[in-house]
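Peer 1: Structure here, sequence nowhere to be found:
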């Protein structure tokens, strides 16, 4: 079956790629004006600023080296994967990077590296490599507007504080890309993309710091307290940015935002989609282009603890089987935290559908004191959310999964202007995080914790703290749970999803089932965006009107698999390839923590192959793995039985708190009522005992 595409993705510029410091907005814009080609997208990667070089040696917990590895190390893995997929560019430009940042990069041997330290080096180093373009002079404060004009008129930007006003662009295109103009190279990524797809690029004011959280609070007050004033505030924020634009003249619009739901106020009058400016927009756009042609594995995962008697799960499983997908159903007792965690991250799939409870959860208030490395004493107040799951090797005990959220430091709001005025050294925040993560202070029940997030599993909650998706692929995720557009979405988007559907508030079950049915009925006959728009419009006459948000691009598609046998073969082959990659990682690392964690993942992969794809080849692979990884069967490394066991006959220990409106909301049934964490006694070794 061939999909009739209504929109094509831009081509990739294979001659150039650029890795730029995350703080170098002006430099990213200048380079982009030189390298832009109409209809072609320039791979522009953002690398977070660190000042500690990668050594490959052991690191102290929450040390500066540890944090640098979490930041630049994670970025470099995703960038390296992307460069391998698109092929080595002829020229790889490193822009504004310090020496520490460069140590995290793995540069393709076939690429010629060009290093640009600052704006003064752009012209002499890039002009000889590009076509001759006229200059467009621009003031530094207008650099983003200047980039829009320069790319549209095929000119190169020159910084000049005496530059005249920029010329206007009056011709409208058939689509709109709306960009909140942050002082961040992420806005440059958005402009590069908008001009690559020949859309009208419209720059609007960004949200101020922490406004995304305020928007989420307004949505909650509007839906939970029927606050017309809160809805008015959301509408005001949207209209002061795009109120004068008539979107009916466009075929579609994409919003590059830090968290403003434009489509809610615009009532989905045309297909709308989003890209998050803070959640790896560089990789989101690039993955969407690279995987735009659709099928990769021909595999899907459907997750549901079966909390609802009339959910979409059964019909959805039949849908994927009918379309020749390899289906991995994680249903009822199989929908455990451990199974969900493994499959979301390391099992190869093209689409993940989640049907469960979701949203912010109940937690605790805590406080503790710590002494920083300068000998100064501080007090931190924070909130904590906990999930627990039975530990098979410790009868009567459960493993605890924690998320901590700082509230105040020395009495001042965390990340507040008042705290910033104190100019505390960066190591104080590292010492603070270490204190919170290791704290054994007294827990005080709080109720719902803002900025927490979870997906209910059959045995506990998963807080979405993923490191990868779909065996480091780029899947589509339909999270048909409540409040799933923001906090939990961040993990999926940052880890590589190329499309993500979530909800702005608590969706009632009838609407959730109806929207899912409509979406999948249309999925294989056009783009994901067109199927999403039909699904969103199908519930316009319900209290859930406007609830769905689509993080994705207009050209993304997903076709049916060619054959069930081929899909099975692709999944098995990817699992084998993944196991081999983890073996190589174990053989090469010098860091014991990475080695230990990698062995645990390797065990899970081998268990998957031997259980679901048994063959002589799988047995031989296990034998080879044991020979190459002597520690594979070490007793002090948690085994797969500890990770994947599903306690028989057990319902949730606790579920996310639901705050729902509508006729039949997806609320807890009698057997899924959350228990009170106050009934648990926490032990010193990081587990808890039920008392």
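Peer 2: Structure received. Since the model is a prediction, treat every value here as computed from it, not as a measurement.
Peer 1: Name the nearest residue to residue 572, ignoring sequence neighbours.
Peer 2: Computed as C-beta to C-beta, 6 or more residues apart in numbering, the closest residue to residue 572 that is not its neighbour in sequence is residue 613, at 4.6 Å. To be clear about C-beta, it is placed using only N, CA and C from the backbone, and glycine gets the same treatment.
Peer 1: Listing request: residues of the chain with sub-threshold pLDDT.
Peer 2: 1-6, 170, 294-295, 389-399, 634-691 (pLDDT under 70).
Peer 1: Farthest from the middle of this protein: give me that residue.
Peer 2: Largest separation from the mean C-alpha position in the chain: residue 162, at 41.2 Å (C-alpha atoms, centre = their mean).
Peer 1: so who does that residue touch?
Peer 2: residue 137 (C-beta atoms under 8 Å, 6 or more residues apart in numbering).
Peer 1: let's see it at 10 Å
Peer 2: 137, 139 (C-beta atoms under 10 Å, 6 or more residues apart in numbering).
Peer 1: got the contact list for the residue nearest to residue 572?
Peer 2: Taking C-beta under 10 Å, 6+ apart as the test, what residue 613 contacts is 568, 569, 571, 572, 573, 575, 576.
Peer 1: do you know how far it is from residue 326?
Peer 2: According to C-beta to C-beta, to the nearest Å, residue 613 stands 11 Å off from residue 326.
Peer 1: Would you mind listing the residues touching both of those two?
Peer 2: With C-beta under 10 Å, 6+ apart as the test, residue 613 and residue 326 both reach 568, 569, 571, 572.
Peer 1: about what we covered before: in ChimeraX, how would I select just the buried ones from the contacts of residue 613?
Peer 2: Entered in ChimeraX, the line below selects the buried ones among the contacts of residue 613, by 16 or more other C-beta atoms under 10 Å:
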select :568,571,572,575,576
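Peer 1: would you turn the contacts of residue 613 into JSON lines with distance to residue 340 and secondary structure?
Peer 2: As requested, these are exported to JSON lines (distance: C-beta to C-beta, whole Å; DSSP: H, G, I helix; E, B strand; the rest coil):
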{"residue": "568", "distance to residue 340": "22", "secondary structure": "helix"}
{"residue": "569", "distance to residue 340": "25", "secondary structure": "helix"}
{"residue": "571", "distance to residue 340": "18", "secondary structure": "helix"}
{"residue": "572", "distance to residue 340": "21", "secondary structure": "helix"}
{"residue": "573", "distance to residue 340": "23", "secondary structure": "helix"}
{"residue": "575", "distance to residue 340": "17", "secondary structure": "helix"}
{"residue": "576", "distance to residue 340": "23", "secondary structure": "helix"}
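Peer 1: Closest one of the contacts of residue 613 to residue 558?
Peer 2: residue 571 (15.8 Å; C-beta to C-beta).
Peer 1: Quick check, central residue of this structure?
Peer 2: Mean-position check on the chain, C-alpha atoms, centre = their mean. Result residue 493 at 1.9 Å.
Peer 1: That residue: helix or strand, and which one exactly?
Peer 2: Applying DSSP states H and E as the criterion places residue 493 in helix 487-494.
Peer 1: helices or strands up against that helix?
Peer 2: Applying 3 or more C-beta pairs under 10 Å, 6 or more residues apart in numbering; DSSP states H and E, one finds that helix 487-494 contacts strand 272-276, helix 281-290, strand 351-354, strand 358-359, strand 454-456, strand 476-479, strand 499-503, strand 548-551.
Peer 1: So in that sheet, which strands flank whichever helix or strand comes after the shortest one, and in what orientation?
Peer 2: For strand 358-359, the succeeding helix or strand toward the C-terminus, using DSSP H and E, is strand 362-371. According to DSSP bridges, the neighbouring strands of strand 362-371, each with its direction, are strand 377-390 (antiparallel), strand 444-448 (antiparallel).
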